[in-house]
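Trainee: 3D model of this:
(one chain, ligands or ions: 1)
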Amino acid sequence: MKKTMLLLSILLIAISSAAKTKTPTTVAFVDVNVVPMDKERVLPHQTVMVRNGAIVEIGDVKRIKIPAGAQRIDGTGKFLIPGLSDMHVHLFTDDDFPDALAEDEFKIMIAHGVTTIRLMTGTPEQLALRGKSAKEEITAPTIYAASPQFTGRKSSNAYVVTTELDARTAVRESKQAGYDFIKVTTFLKPEIYEAIVDEAQKQNIRVVGHADSRSVGLARALKARQQIEHLDSYLEALLPETSPVKGSVSDIYLYNPKNWESLDYLDESKIPELARLTVQSNPFVTPTLHLFKFTFGKGRTEESFKAQSDLRFYPQKTIDLWMGVSRKYLSAAAPIEKREKYITIRNKITKAIYDAGGRVMAGSDTPEWLMLYGHTLHLELIDLRDAGLSNYAALEAATRNPALFFGTLDKTGTIEKGKQADLVLLEANPLEDIANTQKRAGVMLKGRYYPQPELNQWLDEIAPRFQHALDDQK
Ligand SMILES: [Zn+2]
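Mentor: Now for the predicted structure:
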């Protein structure tokens, strides 16, 4: 009797330890259409096998043997794409949301298929989160973090640099702190900008961000090989010398309705040359089309705000604030014909840069302006398509191109053997309609698979926490 008990308990221990070593085990997407994004093609009836966070095998469903005990995900009729990158993101927790909610922010992104992000205004908290994400101590996308913004005027999360010495010191500090890029914004005097660029080159760190149309301008930014966001200063660069109006419609200058008169004088024949110069200088651009089209081009009404499903993630105080800003903007905005032209020209510039061999990258600039990260990235993809890019080129902007930009194409950005297993399973083909990236069946982050119903449950749990995030604040 005693002997049997002993044997039994040994057996039980053996079983439980075997179970322990078996997780995480192999995951197999079975009979799935793979959209590898190495070139424009779909590989039908594939099995994609994942182990220890990496893709270990891809091949015909009839050929690939799936080991016993592997987790099987039925891919029949579904499409597998690389995980998505959002190249222009901020966090609620950068500013007034409690830091404890940062992990929820990341979960929202993952729930929308975003597995890599570039945070565009750095904070020390972000560096800590980047480290935790890399060690998989938190459930988060792969994080890149630009430095605090380099600006000429007082602002939050900023290096206010008004002397060359300040500028150079701040670049060195940013590099030492471990930021991935130097982020420039507005009001930098030309000589300060030059000092930043020069010091960044010495420190071997890239400069990304805005190109202030007043103080820096496109020519200087291109000469510096800066990676430019928002198509800053491009419309201004289309103005002929002889134009009687020189008003800027980039960045904060677009709040001045008088500046929009410049749209009557743009010389569109300059677009191909600007595109060529861009590609020669730095082929990577993040036009953030959706933000500018939706908010400043079309203009957002109370009804359009209320129709947004992502509004449930915002505290009432934040909603009231942005609705107020939007109302104020629209009450004095340029006539709709000018704003439509603004959308058209921004689209044409984006398409021209693409046609010239540029690497367009998808960025949402969320959660600014009551637009939620993850969610808005998919709208950006649609707007890239509407600007004239193919569905494939739009998807490249959130997969392959960011990997090229980060220099990680050997590990990410496409679906190939040996790559990091960041994947999104879709119900329909995104190369037929890019809007199909919103028909998700599930998301795999670093080899762990989350079915969409589970991710939707995350969202339902997080939304009320965000709605009440500022309740304690006056
Ligand atoms: Zn931004």
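
Trainee: Residue 121 and residue 156, how far apart?
Mentor: 8 Å (C-beta to C-beta, to the nearest Å). C-beta coordinates here come from the backbone N, C-alpha and C atoms, glycine included.

Trainee: Need the overlap of contacts for those two.
Mentor: residue 94 (C-beta atoms under 8 Å, 6 or more residues apart in numbering).

Trainee: Have a look at those two and say which one is more surrounded.
Mentor: For residue 121 versus residue 156, the count of surrounding residues by other C-beta atoms under 10 Å is larger for residue 121: 22 against 11.

Trainee: The ion contacts on the stretch 1-150 of the chain?
Mentor: residue 120 (C-beta under 5 Å from the ion).

Trainee: Strands along the stretch 1-150 of the chain, start to end?
Mentor: 27-34, 43-51, 54-60, 71-74, 79-82, 84-89, 114-119, 142-151 (DSSP state E, counting those that start in this stretch).

Trainee: Could you pull up the contacting residues of residue 374?
Mentor: 86, 108-114, 366.

Trainee: cool, residue 25 as well?
Mentor: So, once contact is read as C-beta under 8 Å, 6+ apart, residue 25 ends up touching 51, 69-71.

Trainee: Let's see stretch 197-215 as CSV, backbone CA atoms only.
Mentor: This file holds the C-alpha atoms of stretch 197-215, laid out as CSV (Å, rounded to 0.1, in the frame of the first residue of the first chain):
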residue,chain,number,x,y,z
VAL,A,197,22.2,67.7,-36.1
ASP,A,198,26.0,68.0,-35.9
GLU,A,199,26.2,66.7,-32.3
ALA,A,200,23.7,63.9,-33.2
GLN,A,201,25.9,62.8,-36.0
LYS,A,202,29.0,62.8,-33.7
GLN,A,203,27.0,60.7,-31.1
ASN,A,204,25.7,58.4,-33.8
ILE,A,205,22.0,58.9,-33.1
ARG,A,206,19.4,59.8,-35.7
VAL,A,207,17.3,63.0,-35.8
VAL,A,208,13.6,62.6,-36.3
GLY,A,209,10.5,64.7,-36.0
HIS,A,210,9.1,68.0,-37.0
ALA,A,211,10.6,70.5,-39.5
ASP,A,212,9.5,73.9,-38.4
SER,A,213,8.5,75.8,-41.5
ARG,A,214,9.5,79.2,-40.0
SER,A,215,12.8,78.5,-38.4
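
Trainee: pLDDT weak spots in the stretch 1-150 of the chain?
Mentor: Applying pLDDT under 70 to the stretch 1-150 of the chain picks out residues 1-24.

Trainee: Report how many residues lie close to the residue of it found nearest the ion.
Mentor: Nearest to the ion in the stretch 1-150 of the chain, going by C-beta to the ion, is residue 120, at a distance of 4.7 Å. Residue 120 is flanked by 26 other residues according to other C-beta under 10 Å.

Trainee: My read is that it contacts residue 229, right?
Mentor: Yes - taking contacts as C-beta atoms under 8 Å, residue 120 lies within contact range of residue 229: 7.3 Å.

Trainee: Mutual contacts of those two, please.
Mentor: Joint contacts of residue 120 and residue 229 (C-beta under 8 Å, 6+ apart) are 88, 208-209, 363.

Trainee: with the residues you listed in mind, which one is nearest to residue 383?
Mentor: Distance to residue 383 across the shared contacts of residue 120 and residue 229 (C-beta to C-beta) is lowest for residue 363, with 11.3 Å.

Trainee: Tell me which residues of stretch 335-352 come out buried.
Mentor: Using 16 or more other C-beta atoms under 10 Å as the test for burial, stretch 335-352 gives 338-339, 341-343, 345-352.

Trainee: what's the spacing between that stretch and its chain's center?
Mentor: Counting by C-alpha atoms, centre = their mean, to the nearest Å, stretch 335-352 is centred 22 Å from the centre of its parent chain.

Trainee: What mean pLDDT does it get?
Mentor: Mean per-residue pLDDT for stretch 335-352: 97.

Trainee: How about residues contacting it?
Mentor: 231, 234-235, 238, 249, 260, 263-264, 266, 268, 271-272, 274-275, 285, 287, 289, 292-293, 296-299, 333-334, 360, 384, 386-389.

Trainee: Selection in ChimeraX covering whichever of those are buried, please.
Mentor: ChimeraX command restricting those to the buried ones, with burial defined by 16+ other C-beta under 10 Å:
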select :231,234,235,238,249,260,263,266,271,274,275,285,287,289,292,293,296,297,299,333,334,360,384,387,389
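
Trainee: Show me the contacts of stretch 335-352 that map onto strands.
Mentor: Here DSSP state E is the test, and the contacts of stretch 335-352 give 285, 360 as lying in strands.

Trainee: For the ion, what's its nearest residue on the stretch 251-400 of the chain.
Mentor: residue 365 (4.4 Å).

Trainee: Would you enumerate the residues in contact with that residue?
Mentor: Per C-beta under 8 Å, 6+ apart, neighbours of residue 365: 88-90, 120, 230, 288, 291, 371.

Trainee: before we move on, what about residue 380?
Mentor: 288-290, 362-364.

Trainee: Could you identify the most distant pair in those residues?
Mentor: 289 and 364 (10.1 Å).

Trainee: I figured residue 278 hits residue 353, correct?
Mentor: Yes - assessed by C-beta under 8 Å, residue 278 is found in contact with residue 353 at 5.4 Å.

Trainee: Quickly list what's touching both of these two.
Mentor: Between them, residue 278 and residue 353 share the contacting residues residue 285, judged by C-beta under 8 Å, 6+ apart.

Trainee: out of the shared contacts of residue 120 and residue 229, who has the most neighbours?
Mentor: Counting neighbours by other C-beta under 10 Å, residue 363 leads the shared contacts of residue 120 and residue 229 with 29 neighbours.

Trainee: Grab the nearest non-local neighbour of it.
Mentor: Of all residues not flanking residue 363 in the chain, residue 88 sits nearest, at 2.8 Å (C-beta to C-beta, 6 or more residues apart in numbering).

Trainee: any idea how far that neighbour lies from residue 146?
Mentor: 10 Å.

Trainee: Need the overlap of contacts for these two.
Mentor: Here residue 88 and residue 146 have 118, 120 as joint contacts, going by C-beta under 8 Å, 6+ apart.

Trainee: and residue 472, what does it touch?
Mentor: Residue 472 neighbours (C-beta under 8 Å, 6+ apart): none.

Trainee: And the pLDDT at it?
Mentor: Taking residue 472 on its own, its pLDDT is 83.

Trainee: and it, how far is that from the ion?
Mentor: Going from residue 472 to the ion by C-beta to the ion, to the nearest Å gives 27 Å.

Trainee: In three-state terms, label that residue for me.
Mentor: coil (DSSP: H, G, I helix; E, B strand; the rest coil).

Trainee: Enumerate every residue touching the residue nearest to residue 363.
Mentor: Per C-beta under 8 Å, 6+ apart, neighbours of residue 88: 118, 120, 229, 286, 288, 363-365.

Trainee: and which of the residues you listed is nearest residue 142?
Mentor: Using C-beta to C-beta, these come closest to residue 142 at residue 118, 9.7 Å.

Trainee: What separation is there between the closest one and residue 190?
Mentor: 27 Å.

Trainee: Then residue 81?
Mentor: Residue 81 is 43 Å from residue 190, by C-beta to C-beta.

Trainee: Looking at the two, which is more packed in?
Mentor: Under the criterion of other C-beta under 10 Å, the comparison of residue 81 against residue 190 puts residue 81 first, with 26 against 12.
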